[in-house]
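1. Predicted model and sequence follow; I will ask about them next.
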Amino acid sequence: MHGYDYSIPKPGGQYLGRRFEELGFDTGTRLPREIVKVLVDRFYDALQSVAKGSGGRALVVDFRNTIGRLWHDEIHPNDGGAKKLATQAAKKMGLVL
């Protein structure tokens, strides 16, 4: 299983920015980024819980802090970011194969 890296809400952004702005948040501040960070961390907590209860049959690939600034848009990596994610996943899978 895998989660996500910490997405960056952009002003007027198609996926996150516009939604935050509709709720009254200023995407030019750190608060929307901090909210995304909390949500992503909680999602990983849930994934880790599932993996722990799987008796070793499930693995979590942690993509947090992987993409850096290599984003295509607010939630999808560009080609360079995708390569970093693929490398991270291959490394993790190599540990269990």
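-> Nice, thanks for sending it over. Residues are numbered from 1 along each chain as shown.
2. counting contacts, what elements does the lengthiest helix in the chain pack onto?
-> Among the segments of the chain that qualify as a helix by DSSP state H, the longest is helix 31-52. Helix 31-52 is packed against helix 17-22, with contacts defined by 3 or more Cβ pairs under 8 Å, 6 or more residues apart in numbering; DSSP states H and E. Using the backbone N, CA and C atoms, a C-beta is placed for each residue, glycine as well.
3. distance of residue 22 from residue 2?
-> Applying Cβ to Cβ, to the nearest Å, the value for residue 22 to residue 2 is 28 Å.
4. Please say which of the two ends up with more neighbours.
-> The neighbour comparison of residue 22 against residue 2 (other Cβ atoms under 10 Å) goes to residue 2, with 15 against 8.
5. Next, give phi and psi for the more buried one.
-> With angles defined as degrees, to the nearest 10, residue 2 sits at phi -150, psi 160.
6. phi, psi of the residue nearest to it when sequence neighbours are not counted?
-> Ranked by Cβ to Cβ, 6 or more residues apart in numbering and with sequence neighbours excluded, the top spatial neighbour of residue 2 is residue 61, at 4.2 Å. Note on residue 61: backbone dihedrals following degrees, to the nearest 10 are phi -100, psi 120.
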